[in-house]
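1. no FASTA, just this:
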């Protein structure tokens, strides 16, 4: 096999470089481009990258240099078209149109805006497509969220970019974060381990400073985030999927426990299709109710789910949880004037 020519090497390097440059207001400097290109197997010095960027900016008018501070940052104009080789086909255009329709309510606005050029190009491709049936497909599919929908909170683009960079390059972050109930921000050094999108809220899973216990931070509560040159050292055996499955994303109230309920047949129908846990068992109790036994994490979310079904669910065991719900029911009745003197 013949070796690539210097021209093809340059084209490959330029193409990779242009795709790594973010849209304004985010930016990237030559040093970080050097590291990211090295991860793709492209070995080039940052001086060469700087020369390439200057040359490319004369060809691509939407490629901008921010020279207000060093190191200089490079970015694409926020409204510039996406680079595509090959061009977007009808199939990918349909996919982007479905994403636009169904992610608008769950993605942070800053993330959604970053996909804007792809959505715009998708609509153009579908408008020009001779395949009318395929172009009409997005109008035939909808996603209806369960429960009361809430608006996704805003995340600062600079915070999102720093978190993405820290996760990708496995480097620590310094963040300014306002805990719930606090009047002002506090500074934390965080080792980012994973990012979870949960009902429109972005949750950063990580550890603080040199500690090994896992914590969570909500990105919309961060007023500042920056990447520092300190490597992330994950806790031994940490796996994001395992952490989620163990109930780590819930507000923990205790360890996992055996739950026993009496559930109405209407609730049982749903639970047969979408069980509460892998060991869930449903057995007959009377004409209306079934007995459910399952092992579940002890979380606030579990209590919210149980309370949401009102009288259609009765907590049998553990006794402490049954008493907790009985007391909550008494307080709720009092708040609504039921049983008041």
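-> In hand now; what should we look at? What you are looking at is a predicted structure, and each value in this text was computed from that prediction instead of being measured. Numbering: from 1, shown residues only.
2. who does the helix or strand harbouring residue 242 touch, helix- and strand-wise?
-> Mapping residue 242 onto the secondary structure by DSSP states H and E places it in helix 240-245. Applying 3 or more Cβ pairs under 8 Å, 6 or more residues apart in numbering; DSSP states H and E, one finds that helix 240-245 contacts strand 186-198. All C-beta atoms are positioned from the backbone trio N, CA, C, and that covers glycine.
3. The strand it packs on: which residues count as buried?
-> Within strand 186-198, the residues that qualify as buried by neighbour count (16 or more other Cβ atoms under 10 Å) are 188, 190, 191, 192, 193, 194, 195.
4. And the next helix or strand past that strand?
-> Remark: after strand 186-198, the chain's next helix or strand is strand 201-208, criterion DSSP H and E.
5. For that next one, buried residues please.
-> By neighbour count on 16+ other Cβ under 10 Å, the buried set for strand 201-208 is 201, 202, 204, 205, 206, 207.
6. now stretch 290-309
-> Of all the residues in stretch 290-309, those buried under the rule 16+ other Cβ under 10 Å are 290, 291, 292, 293, 294, 296, 297, 298, 299, 302, 303, 306.
7. Of those, just say which sits nearest to residue 277.
-> Top of the list for closeness to residue 277, among those and by Cβ to Cβ, is residue 294 at 4.3 Å.
8. element containing that closest one, please.
-> strand 289-299.
9. Strand partners (parallel or antiparallel) of that strand?
-> Here strand 289-299 has these sheet partners by DSSP bridges: strand 252-264 (antiparallel), strand 281-284 (antiparallel).
10. And the helices in this structure?
-> Remark: helices assigned in the chain by DSSP state H are 6-20, 30-39, 46-59, 90-103, 109-114, 116-128, 132-135, 157-169, 240-245, 265-273, 300-308, 319-335.
11. Can you tell me which of the ones you listed is packed in deepest?
-> Among the helices of the chain, judged by mean count of other Cβ atoms under 10 Å, the one packed with the most neighbours on average is helix 157-169 (a mean of 20).
12. Point out where this structure drops to low pLDDT.
-> Applying pLDDT under 70 to the predicted model, the residue ranges of the chain that meet it are 1-8, 81-87, 102-111, 131-132, 134-135, 142-150, 247, 250-254, 339-341.
13. Contacts for the strand holding residue 294, please.
-> Contacts made with strand 289-299 from outside it, assessed by Cβ atoms under 8 Å, 6 or more residues apart in numbering, are listed as 246-247, 250-265, 268, 271, 275-277, 279-285, 302, 314, 316.
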